[in-house]
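> Any chance you could fold what I've pasted below:
(one chain, ligands or ions: 2)
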Amino acid sequence: MVEVILHGCNGRMGQMLSELISKDEEMKVVAGIEPSGEAKNDYPVYKSFDELKETADVIIDFSTASAIDGLLDYCEKTHTPLVLCSTGLSEAQLGRVERLAKVSAVLVSANMSLGINVLLKLLKNVTKTLYENGFDIEIVEKHHNQKLDAPSGTALALADVMKDELDDISYNLDRSKVRKKRERNEIGISAVRGGTIVGEHEVIFAGTDEVIEIKHTAYSRAIFAKGAMSAAKFLSGKSAGKYSMSDVIG
Ligand SMILES: NC(=O)C1=CN([C@@H]2O[C@H](COP(=O)(O)OP(=O)(O)OC[C@H]3O[C@@H](n4cnc5c(N)ncnc54)[C@H](OP(=O)(O)O)[C@@H]3O)[C@@H](O)[C@H]2O)C=CC1
Ligand SMILES: O=C(O)C1=N[C@H](C(=O)O)C[C@H](O)C1
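Ligands and ions are numbered 1, 2, ... in the order given. Okay, here's the model as predicted:
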């Protein structure tokens with residue numbers, strides 16, 4: 001049985017995970033962390049790690065950037081394996097994650113869905129050929145009107161995987177500031193926010209007289225929760241290191 005602490009347990013993702021884990025015979029939520037301290041499920045909820053009584057095999061985090069320092073303090077102290085899913089982290093927080101991975105198991109992924117992780121692999125294979133043959137690269141992402149960070153962590157991860165295949169690429173997040181043509185070596189990233197859109201990511205390769213558009217649509221948060229559960233089972237008992245969803249999916 002993999003015992004889990006849910007960080008951000010009462011949020012959209014926290015509640016989806018609570019529901020799916022309650023139906024899984026190999027996993028159990030032993031406690032949640034949430035600023036209200038309100039218990040909505042059959043496990044105790046604490047306002048912070050300072051109050052936490054239980055220990056667990058792994059922590060799953062779906063909270064918010066401002067909550068990550070407290071989470072990292074706890075993981076540095078206890079070396080509890082961490083599945084880190086929140087997006088919009090600062091450079092300083094990302095540096096702390098790198099240091100934590102030297103002493104404890106950490107899996108970081110801006111998107112836990114199978115589809116996006118397969119898309120990341122696909123982009124590794126096609127980007128260089130298309131770019132070197134003159135295709136411009138743009139990303140458009142769409143999310144619900146409650147999302148705090150923009151662009152999405154997934155859009156940045158998609159851009160990063162393409163940047164790694166190319167030389168000297170920069171990101172353009174806002175074309176409204178300067179009146180000029182796009183640079184050849186930029187990846188444009190545009191964010192749309194509205195309604196209850198769960199998550200859409202489209203990568204556009206625009207060439208001369210032809211365009212390739214590769215789009216992933218999340219129709220339910222269950223895809224992220226299922227990925228996080230697989231990641232937690234994978235990470236439980238693992239030695240120190242920084243892991244990714246490609247380690248889980250293979
Ligand atoms: N990697 C992935 O696959 C995915 C990542 N995400 C990311 O996960 C995060 C959460 O998304 P979502 O569930 O939609 O967001 P929600 O806002 O619905 O949930 C976040 C929860 O975290 C709580 N929280 C705030 N501060 C703390 C704290 N100090 N300690 C513990 N909990 C805290 C919030 O409480 P309160 O409301 O009181 O502030 C809220 O209940 C976002 O960063 C999102 O981008 C989302 C989906 C998929
Ligand atoms: O906030 C969300 O909802 C989501 N956030 C992640 C991101 O920023 O990429 C993943 C998913 O698209 C949903």
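
> wait, M245 sits on F224?
No: with contacts counted by CB atoms under 8 Å, M245 stays clear of F224, the gap being 10.8 Å. C-beta here means a position set from N, CA and C on the backbone, and glycine is covered the same way.

> Common neighbours of these two, please.
Here M245 and F224 have N111, M112 as joint contacts, going by CB atoms under 8 Å, 6 or more residues apart in numbering.

> if I look at the spatially most central residue of the chain, how far off is A31?
Nearest residue to the geometric centre of the chain (CA atoms, centre = their mean): A110, 1.5 Å. Distance, A110 to A31, using CB to CB, to the nearest Å: 25 Å.

> Could you see whether ligand 1 lies near the longest helix seen in the chain?
In the chain, taking DSSP state H as the definition, the longest helix is helix 114-132. No: using CB under 6 Å from any ligand atom, helix 114-132 never reaches ligand 1; the gap is at least 7.9 Å.

> Outside of the following helix or strand past that helix itself, list whatever touches it.
Per DSSP states H and E, the first helix or strand lying C-terminal to helix 114-132 is strand 136-143. Contacts of strand 136-143 from elsewhere in the structure, counted by CB under 8 Å, 6+ apart, are 127, 130-131, 151-152, 154-155, 158-159, 162, 182, 184, 187-194, 197-207.

> Give me the mean pLDDT for stretch 111-131.
Mean pLDDT, taken over the full extent of stretch 111-131, equals 97.

> before we move on, what about stretch 41-60?
Averaged across stretch 41-60, the pLDDT comes to 97.

> start to end distance for that stretch?
One end of stretch 41-60 to the other measures 16 Å (CA to CA, to the nearest Å).
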